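A.B. asks: okay, here's the prediction I keep looking at, along with the sequence it came from:
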Amino acid sequence: MKRVLKELGHVDGQGVIQTKGRTACEINTANELVVVELMFAGLFNDLTVEQCVALLSCLIFDEKSKDDEDPAQGLKAYLSGPYYKLIELARTVAKVQISCNIEVNEDEFVGKFNPGLMEAVYAWCKGAKFVEVQKLTGTFEGSTIRSLRRLEELVRQLASASKSIGNLELQAKFEKGSELLKRDIVFCSSLYL
C-alpha cells in the first residue's frame, strides 16, 4: 500500500506525508484515494454546489442496480459528464493499485461508484420535497434517508479537507452543499415527534 500512496503522490520517496496525504486523512466515509483524486484533478472547481453533492452521492450509494446496462444511462448531461470523469479517475486509482501488486478487480472497483442517486440528490439540493425525490430513487425511504445522511457526512469531511489544504473556495462550496442537504425529514432527530 505504501507504493500506491507514493505513486498517487500521498507520500514522497522518504514516506513523508504530502498535501494529498493530509487531505486523505480527513476522509473516512468513502474511498479516500478516489475522493482526493477528484479534488486534486480540479473536478469540483467547475461544478455547481448541487452537481458536486450529486457526484459525491456515487461514492456512498451502495444499492445494487437492476441491470447490466450502463448505470449512467438516462442521466442528464450536467450529471453524466462529471460521473464519467469520476469513473475515469477511479480506473486510474485501480490501475495504480494493480501495478503495485494489490489484488483489485478494476471493473468491480469502478462498479462500486453507483450513479443511482445522482438525480435525486440534485433535486434535493435544488429544494425538492422528499416525496418528489423518493420517486427518482427506486429505493426504500429508509435507504434514501441513510444515504443522504452519509452523504452529508462526506460533504462535511470534504469541507474540512479543503480547509486543511487552504482551499477556502472549495471549503465554502462544500459547506453550502452540507446546508442544502441538511433539511426536512431527512435530518429530523426522530420521526416520532
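C.D. replies: Nice, I can see it.
A.B. asks: so which residue is smack in the middle of the chain?
C.D. replies: With distances taken as C-alpha atoms, centre = their mean, Leu56 lies nearest the centre of the chain, 2.4 Å away.
A.B. asks: contacting residues for the closest residue to that one other than its chain neighbours?
C.D. replies: Spatial nearest neighbour of Leu56, excluding adjacent residues (C-beta to C-beta, 6 or more residues apart in numbering): Leu154 at 5.7 Å. (C-beta placed from N, C-alpha, C; glycine too.) When contacts are counted by C-beta atoms under 8 Å, 6 or more residues apart in numbering, Leu154 touches 27, 29-30, 35, 56, 59-60.
A.B. asks: what is the nearest of those to Leu86?
C.D. replies: Looking at the contacts of Leu154 and their distance to Leu86, the nearest is Leu59, at 8.1 Å (C-beta to C-beta).
A.B. asks: once you drop chain neighbours, what's closest to that closest one?
C.D. replies: Ala30 (3.8 Å).
A.B. asks: next one: Leu79
C.D. replies: Met118 (4.9 Å).
A.B. asks: next one: Met39
C.D. replies: Nearest one to Met39, counting by C-beta to C-beta, 6+ apart, is Thr23 at 6.4 Å.
A.B. asks: so where does the one you found fall, helix or strand?
C.D. replies: Assigned by DSSP states H and E, Thr23 falls within helix 19-25.
A.B. asks: so which helix or strand takes in Asp62?
C.D. replies: Using DSSP H and E, no helix or strand contains Asp62.
A.B. asks: contacts for the host helix or strand of Leu33, please.
C.D. replies: Taking DSSP H and E as the criterion, Leu33 maps to helix 32-40. Helix 32-40 is contacted from outside by 4, 8-10, 20, 23-25, 27, 44, 55, 59, 86, 89-90, 92-93, 113, 154, 158, 161-162, 170, using C-beta under 8 Å, 6+ apart.
A.B. asks: with just CA atoms, put that helix into PDB.
C.D. replies: The C-alpha coordinates for helix 32-40 follow below in PDB (Å, rounded to 0.1, in the frame of the first residue of the first chain):
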ATOM      1  CA  GLU A  32     -10.300   8.400   0.200                       C
ATOM      2  CA  LEU A  33      -8.000   7.700  -2.700                       C
ATOM      3  CA  VAL A  34     -10.700   8.400  -5.300                       C
ATOM      4  CA  VAL A  35     -12.100  11.400  -3.400                       C
ATOM      5  CA  VAL A  36      -8.600  13.000  -3.200                       C
ATOM      6  CA  GLU A  37      -8.000  12.400  -6.900                       C
ATOM      7  CA  LEU A  38     -11.300  14.100  -7.600                       C
ATOM      8  CA  MET A  39     -10.300  17.100  -5.500                       C
ATOM      9  CA  PHE A  40      -6.800  17.400  -7.000                       C
END
